[in-house]
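Undergrad: Sequence and predicted model, in that order:
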Amino acid sequence: LLAGLGAAGATGLAGGGLLGAGAVRSSSGAGDPARDLSLSRGGPRQGLPPAVLTPTPAHVHVVAVDLNAEEPAQVSEQARLVLERWSAQARELHGHGLPELAPGTPARGLHPASLGVTLGLGAGLLERAGLADRRPDPLADLPGFEADRLEPGLCGGDLMLHVGAEDPLVVSAAVEHLLGGVREHATVRWSLPGFQRAAATAVDPSATPRNLMGQIDGTVNPDPGEARFAPQVLAAHPGGGASWMDGGTYVVVRRIRMLLDDWSALEPRARERVVGRRLSDGAPLGGAREDDLPDLAARDADGEPVIPADAHIRLASPERTLGARMLRRGFNYDLGWGSDGREAGLLFTAWQADPRTGFTAVQRELDRGGDALNAYVRHEGSAVFAVPPVREDEPHVAYGLW
Ligand code: HEM
């Protein structure tokens, strides 16, 4: 029954009737199989790829690889081989977990820990494989942005492997297992492990997690249970050359370094004005609770906007961005101190039906309005991947292409 990567076959994701009546979609995690450590998180429990399931895993590792071949026919052949292998391995991992598959794995003695594998394809791969005509329009290259300090070695990639679980040892062992099977075909281009607070140590595991700046991050997000989730997050390509992506999603991955020394030098009140929300409870400035709608028109006694003109949430709000929305899944990364200081920040992933009207529309607005957060962050890595649906009747992801 399990269709490998857990995504969603054409049937599972069709139209607005995205989720079956019995779908589990608890954002609190209570009673959610995705928090059941004795299971993996793959499989079409919710009709969605593991990477977009709620609650999010405590640990992820995003790996981008390039295929070694250069001739279009060979690139195609390698892509098919790697996707076939990863799809089969993911199906097994989702079914049995890692220890049974790989004796002697470091994950021996551990539960599957809600393991989930999600695969993506970069635009460059389609070009290299001579399949430019099958490239969906939303898989466009991103334009440049103000906060970009991109390093080519941290950008792009032919294929994406996104592995999540509640235990970092399980993630690490699964990544090793998946990469080990394709070593002669693919080379790692970049990779970034990320984490959130573990449910086990959270006073309230249902609370929205905090990022390394201490902000409650992830409040405004479409919920898989909402009618708008499908049109905003899931790709619709019912026919034509891009139909291999119908019911999939597009992910923008950004490695955003946080300038934590500068940030922590700011007074707490000033930090709150940068984002437009309170640090204590995540409520919008002028509001009472985290889930209050921000009052963007409110003015203080001096006639100044309560939520500053350059506050992150004002500029990113749907009012400014014509309702551009995406599912933001932010993870922290902390690589200690490198040659140029603290290497820590946000492994930002945004999943959407079309990055041109999702991520790009929002980031443009953040630039145009002079997002106050820009002074404290630096975008160092960037990639866009098409994440195809997994169709039960097809042997591997993106079967329509190869
Ligand atoms: C909201 C932090 C980058 C888009 C927020 C919030 C925080 C935050 C604390 C408010 C709580 C919430 O709704 O989640 C950050 C940090 C970033 C970052 C620390 C970089 C290190 C980005 C980027 C984008 C983005 C790159 C997209 C281009 C949004 C959106 C909202 C939001 C759409 C919701 C706005 C609303 O409707 O209220 N962010 N963010 N953020 N952010 Fe970011």
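TA: Cool, got the structure.

Undergrad: Okay, now the unreliable bits of the stretch 301-402 of the chain?
TA: The stretch 301-402 of the chain contains residues with pLDDT under 70 at 321-324.

Undergrad: Helices of the protein, start to end?
TA: 10-13, 72-96, 123-128, 168-180, 229-233, 260-264, 268-275, 312-315, 359-368 (DSSP state H).

Undergrad: What mean pLDDT does the fifth one get?
TA: Over the span of helix 229-233, the pLDDT mean works out to 91.

Undergrad: What of the third one?
TA: Per-residue pLDDT values across helix 123-128 average out to 97.

Undergrad: returning to that earlier point: out of the helices of the chain, which one sits most buried?
TA: Ranked by mean neighbour count, the helices of the chain are led by helix 312-315 with a mean of 22 (mean count of other Cβ atoms under 10 Å). All C-beta spots, glycine's among them, are computed from the backbone N, C-alpha and C.

Undergrad: Is it possible to get TSV of the helices of the chain that adds distance to the ligand?
TA: Below are the helices of the chain laid out as TSV (distance: least, Cβ to the nearest ligand atom, whole Å):
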stretch	distance to the ligand
helix 10-13	23
helix 72-96	28
helix 123-128	19
helix 168-180	22
helix 229-233	11
helix 260-264	9
helix 268-275	5
helix 312-315	4
helix 359-368	4
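
Undergrad: what would the ones you listed look like in TSV with distance to residue 399?
TA: Listed next are the helices of the chain as TSV, based on distance: least, Cβ to Cβ, whole Å:
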stretch	distance to residue 399
helix 10-13	12
helix 72-96	8
helix 123-128	15
helix 168-180	19
helix 229-233	22
helix 260-264	44
helix 268-275	43
helix 312-315	40
helix 359-368	27
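
Undergrad: To residue 331, which of those lies closest?
TA: helix 168-180 (11.3 Å; Cβ to Cβ).

Undergrad: From the chain's centroid, how far away is that closest one?
TA: The chain centroid and the centroid of helix 168-180 are separated by 18 Å under Cα atoms, centre = their mean, to the nearest Å.

Undergrad: and what of stretch 120-129?
TA: 19 Å.

Undergrad: Straight-line length of it, end to end?
TA: Distance between the two ends of stretch 120-129: 15 Å, counting by Cα to Cα, to the nearest Å.

Undergrad: so where do the strands sit in the stretch 151-300 of the chain?
TA: All strands of the stretch 151-300 of the chain, identified by DSSP state E, counting those that start in this stretch, fall at 159-165, 186-195, 249-258.

Undergrad: I'd like these laid out as TSV, including mean pLDDT, mean neighbour count and distance to the ligand.
TA: Shown next, in TSV, are the strands of the stretch 151-300 of the chain (pLDDT from 0 to 100; neighbours: other Cβ atoms under 10 Å; distance: least, Cβ to the nearest ligand atom, whole Å):
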stretch	mean pLDDT	mean neighbour count	distance to the ligand
strand 159-165	97	27	18
strand 186-195	98	19	12
strand 249-258	98	25	4
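
Undergrad: I'd like those strands written out as JSON lines, with distance to residue 226 added.
TA: Formatted as JSON lines, the strands of the stretch 151-300 of the chain follow (distance: least, Cβ to Cβ, whole Å):
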{"stretch": "strand 159-165", "distance to residue 226": "22"}
{"stretch": "strand 186-195", "distance to residue 226": "25"}
{"stretch": "strand 249-258", "distance to residue 226": "15"}
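
Undergrad: Figure out which of the helices of the chain is closest to residue 349.
TA: So among the helices of the chain, helix 359-368 is nearest, using Cβ to Cβ, at 10.0 Å.

Undergrad: what residues does that closest one touch?
TA: Where contact means Cβ atoms under 8 Å, 6 or more residues apart in numbering, the residues beyond helix 359-368 that reach it are 142-143, 145-147, 252, 312, 315-316, 320-322, 324, 326, 350, 352, 373-374.
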